[in-house]
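Peer 1: Sequence first, predicted coordinates after that:
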Amino acid sequence: MQPGVAWIIGGGSGIGAAVARLLAKRGWTVAISGRRADKLDEVASAHSTIRPYPLDVTDGEAIAATVTRIAQELGHIDLFIFGAAAWQPMDVGDYAFDKFAKIVDTNYLGVIRVANPLLAQMDKQGGGHFAVIASVAGYFGLPRSAAYSSTKAGLINLLETMRTELAPRNIKVRMIAPGFVKSELTDKNDFPMPFLMETDDAAERIVDGLTQSDRFEIAFPRRMVWLMKTIRWLPYPVFFWLTSKMLPKG
């Protein structure tokens, strides 16, 4: 993929901001969106080719208007990356609706709200790349992460469907599944995070995967990916015995 115009939702901090900076460094024009305008302005101030477009992914009308505005001002959207995410550690056995609703509304329904307006724009321009940052946490149900893990699993399933359905329209759907990456979200974690990665390292793997290949799954680090997938493939009696060991003691 040659440099063009990218739009990153969640581009004001963490992985999204690092990806925006790296794409700009490699010659891309990058639109970044998120709720915190000050964070977007901070990222954009370092590169003349990064443009801030404040946006809340729970506002469908604002999303449609932002797609139109970016297309009008920058010409097209060649690469889209959805990186907005809500997460909070939850107590074992806590399935409070309000906690789930916030996470589902951002992580899963945010992508759904973007889909039709953005895909219509990609149809107009003859195609594009539609990428979503899921997580290795979506490979199986993690204790204390019911809301977050289930939204990421739902995204993986959704993107698998979209990959098949949108290919005839020259829209390439990509699924990004990082392990633990240093960010504001992982700073909330109160448990060990194996293979914890630096943000810039994760950004480089994402950008290289998106621009140097057409593969569906961009998952890393490899050791974490294979560990999670191996656990998923275990027979259920073994699987549930193992996941029970992940519960906090006491």
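Peer 2: That came through, no problem.

Peer 1: Apart from its chain neighbours, what residue comes closest to residue 175?
Peer 2: Among residues not flanking residue 175 along the chain, residue 159 sits closest, at 4.5 Å (C-beta to C-beta, 6 or more residues apart in numbering). Quick note: C-beta positions are derived from backbone N, CA and C, even for glycine.

Peer 1: what does the average pLDDT come to for the helix or strand containing that neighbour?
Peer 2: Residue 159 is located in helix 146-166, with elements delineated by DSSP states H and E. What helix 146-166 shows for mean pLDDT is 97.

Peer 1: residues making contact with it?
Peer 2: Applying C-beta atoms under 8 Å, 6 or more residues apart in numbering, the contact partners of helix 146-166 are 86-88, 90, 95, 99-100, 103-104, 107-108, 111, 115, 119, 130, 132, 134-135, 137-142, 172-175, 177, 216.

Peer 1: And for stretch 26-46?
Peer 2: 3-13, 16-17, 20-21, 23-24, 47, 49-56, 66, 70, 74, 77, 79, 84, 207, 211.

Peer 1: and after the lengthiest strand in the chain, which helix or strand comes next?
Peer 2: In the chain, assigned by DSSP state E, the strand with the most residues is strand 171-178. Next helix or strand after strand 171-178 toward the C-terminus (DSSP H and E): helix 199-211.

Peer 1: State the helix or strand in which residue 116 lies.
Peer 2: Applying DSSP H and E as the criterion places residue 116 in helix 109-125.

Peer 1: Which strands or helices does that helix pack on?
Peer 2: In terms of contacts (3 or more C-beta pairs under 8 Å, 6 or more residues apart in numbering; DSSP states H and E), helix 109-125 is packed against helix 60-74, strand 79-82, strand 128-133, helix 146-166, strand 171-178.

Peer 1: Buried residues, it. List them.
Peer 2: 109, 110, 111, 113, 114, 115, 117, 118, 119, 121, 122 (16 or more other C-beta atoms under 10 Å).

Peer 1: circling back: give me the angle between the longest strand of the chain and helix 199-211.
Peer 2: On the basis of axes from the mean of the first three to the mean of the last three C-alpha atoms, to 10 degrees, strand 171-178 is oriented at 150 degrees to helix 199-211.

Peer 1: mind listing what strand 171-178 pairs with, with the direction of each?
Peer 2: With DSSP bridges as the test, strand 171-178 is paired with strand 128-133 (parallel), strand 217-220 (parallel).

Peer 1: if we can go back for a sec, take the contacts of stretch 26-46 and keep only those in helices.
Peer 2: Counting by DSSP state H, the part of these found in helices is 16, 17, 20, 21, 23, 24, 66, 70, 74, 207, 211.

Peer 1: wait, doesn't the first one sit right on residue 7?
Peer 2: No - at 10.7 Å, residue 16 does not count as touching residue 7 under the criterion of C-beta atoms under 8 Å.

Peer 1: related to what we said a few turns ago, compare the strands paired with strand 171-178 and report which one is nearest to residue 231.
Peer 2: strand 217-220 (14.4 Å; C-beta to C-beta).

Peer 1: Any figure for the gap between residue 48 and residue 27?
Peer 2: From residue 48 over to residue 27 the distance is 12 Å, taken as C-beta to C-beta, to the nearest Å.

Peer 1: actually residue 19, sorry about that
Peer 2: From residue 19 over to residue 27 the distance is 14 Å, taken as C-beta to C-beta.

Peer 1: Can you pick out the residue with more neighbours from these two?
Peer 2: Counted by other C-beta atoms under 10 Å, residue 19 and residue 27 do not tie: residue 19 has more neighbours, with 31 against 10.
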